[in-house]
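> no sequence for this one, just the structure:
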């Protein structure tokens, strides 16, 4: 009797939880209502079967419970019952599969007017490529992949010269226009998933998979990798922003084409020397850094990273948080650089400065730090040398006191909280694995040995 009561309560509780639970589908932001309908049908069919089976088991436990003097009868088969079970099971399975087949037919039939976007996944980043004015994407091949050509675009293909490149986890799309996603992975299995858009598709190395949807409302939606792709899987996040057509076009026009990126002139170190005079007051004439001025070492740091941080300061994505005291000091300094050319020039000059190793100021348990650093190494490199492909700066030989402060800022939300600081948000997730300053100190003590 007790088991029968438990079965009844389990069935009743499951039904009530389904209807009363605050956790359900996220509000849809695309055309795929059919997917929700298919899932709802599956819930109804499996729910009815679950309640029926649980109810039958409870009834059987009560009806055929042991009684003194009672005897069980053995019935090896019942063709009538088996026939009914076969018919009911067939109808139930068909009710679940048929709608899915109809929806799948829509999934694989992409509208002819759909715009095309290539999504490229790499541990643990997202980037995007859009056709240029010719409306065609250029061909790609792994042998062309490099820091200067991360998409692996064939430089001899004329269709690739005007391809628009978005080397950022954020992709913007116009509302109301169908979008076909060409999904490509550069390393391991990934999965492109946006809950509100009802899009989820695996990305397989060596293959190009695809999916499509029509965004129906503006907004910002989280992009997640829902395939276990390595130690940094949890931080592989991006953002899909659906804009009005005018705002989308403005964003698109700010992005470089492959030809523009390839022909971009390097910064002028001579012009940058004059601009660096302002920086030298804090960071030192040789870019060696100055603890007393809270200015980290610059010499030896990757040019791409320095340029990005200077732009972040100029845009207000860094140095605007109330608790970021030293970031606020840096923001007006970055504002003295008038444009991207000035940024490239001063970074070019920094590239000529000596890469002198600075003295370590952090003490910690090196062995513990070595184990903790395994997660960091996945992006920053085994030796902390920095990896442009994963947008991870150099750590080796840099100012450890500065890194300690930044790790604390990431953990406390001082850095990485700004909507435009997409890589900072990713780093904040990883920094959260370090419980306190002592844990961070152990990692930095190990980095100091590299």
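Looks like it came in fine. Owing to the predicted nature of the structure, the values given are computational and were not obtained by experimental measurement.

> Identify each buried residue in stretch 337-345, please.
Buried positions in stretch 337-345, judged by neighbour count with 16 or more other C-beta atoms under 10 Å: 337, 342-345. Heads up, the C-betas are built off the backbone N, CA and C, glycines and all.

> quick check, nearest of the residues you listed to residue 56?
residue 343 (72.1 Å; C-beta to C-beta).

> What average pLDDT does the helix or strand where the closest one lies get?
According to DSSP states H and E, residue 343 maps onto helix 340-350. Here helix 340-350 scores 91 as its mean pLDDT.

> Residues contacting it, please?
Residues from elsewhere that reach helix 340-350 (C-beta atoms under 8 Å, 6 or more residues apart in numbering): 266-273, 275-276, 279, 287, 298-299, 301, 303, 306-307, 310-311, 314, 337.

> Domain ranges for this protein, per the record?
As recorded under automatic domain parsing, the domains making up the chain are 2-61+81-107, 115-261, 265-356, 359-450.

> Follow the chain on from the top helix by length along the chain and name the next helix or strand.
Using DSSP state H to define each element, the chain has its longest helix at helix 33-63. Stepping forward along the backbone from helix 33-63, the first helix or strand reached (DSSP H and E) is helix 79-107.

> what's the angle between that next one and helix 33-63?
With axes from the mean of the first three to the mean of the last three C-alpha atoms, to 10 degrees defining the directions, helix 79-107 sits at 160 degrees from helix 33-63.

> mind listing what's buried in helix 79-107?
96, 99-100, 103, 107.

> so residue 212 makes contact with residue 179?
Yes. With contact defined as C-beta atoms under 8 Å, residue 212 reaches residue 179; the gap is 6.3 Å.

> shared neighbours, the two?
Common contacts of residue 212 and residue 179, defined by C-beta under 8 Å, 6+ apart, comprise residue 114.

> before we move on, the earlier item: hmm, which of the contacts of helix 340-350 are the buried ones?
Buried, going by 16+ other C-beta under 10 Å: 267-269, 271-273, 275-276, 279, 287, 298-299, 301, 303, 306-307, 310-311, 314, 337, out of these.

> Next step: those residues restricted to helices.
Those of these lying in helices (DSSP H): 269, 271-273, 275-276, 279, 303, 306-307, 310-311, 314.

> Grab the nearest non-local neighbour of residue 261.
Closest residue to residue 261 apart from its sequence neighbours, by C-beta to C-beta, 6 or more residues apart in numbering: residue 165 at 6.1 Å.

> Please apply the same query to residue 272.
Spatially, and ignoring its direct neighbours in sequence, residue 272 is nearest to residue 349 (3.2 Å; C-beta to C-beta, 6+ apart).

> can you give me the strands for the chain?
115-122, 125-130, 164-166, 170-174, 179-185, 190-194, 199-203, 209-213, 219-225, 237-243 (DSSP state E).

> so what secondary structure elements neighbour the first one?
Put plainly, it is strand 115-122. strand 125-130, strand 170-174, strand 179-185, strand 190-194 (3 or more C-beta pairs under 8 Å, 6 or more residues apart in numbering; DSSP states H and E).

> Which among the ones you listed is found nearest to residue 256?
It's strand 125-130; of the helices and strands packed on strand 115-122, that one is closest to residue 256 (C-beta to C-beta) at 11.4 Å.

> Partner strands of the closest one and their direction?
Using DSSP bridges, the strands paired with strand 125-130 are strand 115-122 (antiparallel), strand 164-166 (antiparallel).

> Of those strands, give the one that comes closest to residue 330.
Comparing the strands paired with strand 125-130 by C-beta to C-beta, strand 164-166 comes nearest, at 26.6 Å.

> Return the distance of the closest one from the chain's centre.
17 Å (C-alpha atoms, centre = their mean, to the nearest Å).

> Ok, stretch 289-302 next?
30 Å.

> Just the terminal-to-terminal distance for that stretch.
Stretch 289-302 has an end-to-end distance of 15 Å (C-alpha to C-alpha, to the nearest Å).

> Can you point out the buried residues in it?
289, 294-302.

> Spatially, which two of the residues you listed are the most separated?
Farthest-apart pair in these is 294 and 302; separation 21.3 Å (C-beta to C-beta).

> which residues touch the residue nearest the centre of the chain?
Note on the chain: the residue nearest the mean C-alpha position is residue 237, at 1.6 Å, using C-alpha atoms, centre = their mean. Remark: with contacts taken as C-beta under 8 Å, 6+ apart, residue 237 is in contact with 169, 222-225, 425-426, 429.
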